[in-house]
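In: here are the coordinates; sequence isn't available:
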């Protein structure tokens, strides 16, 4: 996964202020957990230390922290992270980083966590479906993932449910005073795709779309079951997927037009995700 990320980052490199403060609680101690969708690889500027995490100082966690006037932000999001990396050190190509849960403490008042895509291999799945030649020359990918009559991605997604239940409980144990939000993933493909702008054929684009919708539904269900908040990024990002034009899209395609890793949020996406996250966390606060 890390090697694949470096290849994608190289391709991106070759290709090339959130609104004012919202109502907030002064003294908020915000911990951001998650993978590359939260970290913001290649979105300027990448922060130190932990350069191997490809973490931006303009990802939605940083922008949300500024918007709510947080007293402390501990952003430990890291590209390539899986649920296991919440509990143990994560290896990157530039060294190991501490378990993300080390950032959770008694003083934590707010937690966002965006995790799970790497557990089931969704990034690799999208890459596998890239098809430079359409049928009948090109080979569709969607039928490769049916094993013994079962959709292997849905099987992997359902297998993640107990890990997320445990994850929510463990966050609460480490940060008992925190409001906790599980963050979903954005829209990565419109109906029927947009071949050849994004070289994924119609059937595969619809398969990717359906798979991610099922994955986000699972995240929402697990958040509800665990009694934590869920922040939907899929619905508001409709029309801002990699098929949209530069300046409109929030997720970059395989050959990015703005600084971001392929099939990851760009700066505009992070700005809009921060608006959504800010609204969610401040709205929940006003109800408590």
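Out: Everything's here; your move. This is a predicted model, so every value here is computed, not measured.
In: Could you tell me which ranges of the stretch 101-250 of the chain sit under the pLDDT cut-off?
Out: By pLDDT under 70, the stretch 101-250 of the chain contains no weakly predicted segment.
In: Spatially central, which residue of the protein would that be?
Out: With distances taken as Cα atoms, centre = their mean, the chain has residue 37 as the residue nearest its mean C-alpha position (2.7 Å).
In: can you give me the strands in this protein?
Out: Taking DSSP state E, the strands of the chain run over residues 29-34, 72-75, 90-92, 95-97, 110-114, 146-147, 150-151, 179-183, 229-231.
In: and residue 221, which of those strands is closest to it?
Out: Counting by Cβ to Cβ, residue 221 lies closest to strand 229-231 out of the strands of the chain; the figure is 8.8 Å. For glycine as for every other residue, the C-beta is placed from the backbone atoms N, C-alpha and C.
In: Who are the packing partners of the closest one?
Out: Helices and strands touching strand 229-231, by 3 or more Cβ pairs under 8 Å, 6 or more residues apart in numbering; DSSP states H and E, are strand 179-183, helix 202-226, helix 267-286.
In: Give the partner strands of it in its sheet and their orientations.
Out: strand 179-183 (parallel) (DSSP bridges).
In: Give me the residues contacting the strand it pairs with.
Out: Here strand 179-183 makes contact (Cβ atoms under 8 Å, 6 or more residues apart in numbering) with 34, 38, 109-114, 164, 168, 171-172, 219, 222-223, 226, 228-231, 233, 277, 280-281, 284-285, 288.
In: OK, contacts around residue 277?
Out: 60, 61, 64, 112, 181, 183, 231.
In: picking up where we left off before, can you check which of the helices and strands packed on strand 229-231 gets nearest to residue 94?
Out: helix 267-286 (21.9 Å).
In: what mean pLDDT would you report for the closest one?
Out: For helix 267-286, mean pLDDT is 93.
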